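> Sequence below, structure please.
(2 chains)
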Amino acid sequence: KNQVEQSPQSLIILEGKNCTLQCNYTVSPFSNLRWYKQDTGRGPVSLTIMTFSENTKSNGRYTATLDADTKQSSLHITASQLSDSASYICVVSANNAGNMLTFGGGTRLMVKP
Amino acid sequence: AAGVIQSPRHLIKEKRETATLKCYPIPRHDTVYWYQQGPGQDPQFLISFYEKMQSDKGSIPDRFSAQQFSDYHSELNMSSLELGDSALYFCASSFTGTGTYNEQFFGPGTRLTVL
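Predicted coordinates:
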């Protein structure tokens, strides 16, 4: 069964600090992995999308890594801002599943002043 | 840039009533997906359409139906509403083309409350 697990479930950090969110997946055959940011009650917004051959991808203060061998990904947020408070969802797409996605449970990040 | 549009943004219905949610994909996107997200839960895939034909079916109840029209907008029809149908309903769209990863772009969602 395709699964995506994220850790931690929730995280509180102070403004300006860095943090790293983890994602482990068992989706096979792997197509691509995406990180989404979802504000409460709003639609997920794509941060990065990586394929098998990509190890690192950055989008501003967000840097995602992918280790296809260990089936792990991380999302690193630098110099956090209050507006970074949201849920961060790791989503994996399998090659044989059309465009269906397997969602992780998300990490709820709260940035405090 | 144009995004996925959903309407209405909020909807309140009574049990056993019907509801219709609408989704307008990003221009030139050919695939539309519907997701249901309960409080504190992951989005659950319901159904998708490619070029106006159903392409995949997930955990969509028999009481729900959906279709994609000639202008590519999609509607999710929900009948005999139950309290458990209260959730956020997201629509996403993608373009099936080389090098696009078929990335799904999500709309803002419709919050359905069943009383």
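
> how many other residues sit next to the residue in chain A positioned nearest to chain B?
Proximity of chain A to chain B (CB to the nearest CB) peaks at A:Gly43, 3.6 Å away. (Glycine included, C-beta is placed from N, CA and C.) For A:Gly43, the count of nearby residues is 22 (other CB atoms under 10 Å in any protein chain shown).

> tell me the contacts of the closest residue to it other than its chain neighbours?
Closest residue in space to A:Gly43, ignoring its immediate chain neighbours: B:Phe106 at 3.6 Å, by CB to CB, 6 or more residues apart in numbering or on different chains. By CB atoms under 8 Å, 6 or more residues apart in numbering or on different chains, the contact set of B:Phe106 is A:Tyr36, A:Gly43, A:Pro44, A:Val45, B:Val4, B:Tyr35, B:Phe90, B:Cys91, B:Ala92.

> Show me what B:Phe106 is bridged to.
Per DSSP bridges, the residues bridged to B:Phe106 are B:Ala92.

> any idea of the pLDDT on it?
What the model reports as pLDDT for B:Phe106 is 91.

> And B:Thr98, by the same measure?
Confidence at B:Thr98, expressed as pLDDT, is 59.

> hang on, the earlier thing: report the separation between the residue nearest to A:Gly43 and B:Ser93.
Distance check for B:Phe106 against B:Ser93: by CB to CB, to the nearest Å, it reads 9 Å.

> And the strands in chain B?
For chain B, the strands defined by DSSP state E occupy B:5-7, B:10-13, B:19-24, B:31-37, B:44-50, B:53-57, B:64-68, B:74-78, B:87-94, B:105-106, B:110-114.

> Now tabulate those in CSV and tack on distance to A:Ser28.
Converted to CSV, these look like this (distance: least, CB to CB, whole Å):
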stretch, distance to A:Ser28
strand B:5-7, 32
strand B:10-13, 38
strand B:19-24, 30
strand B:31-37, 21
strand B:44-50, 18
strand B:53-57, 18
strand B:64-68, 29
strand B:74-78, 30
strand B:87-94, 21
strand B:105-106, 25
strand B:110-114, 33
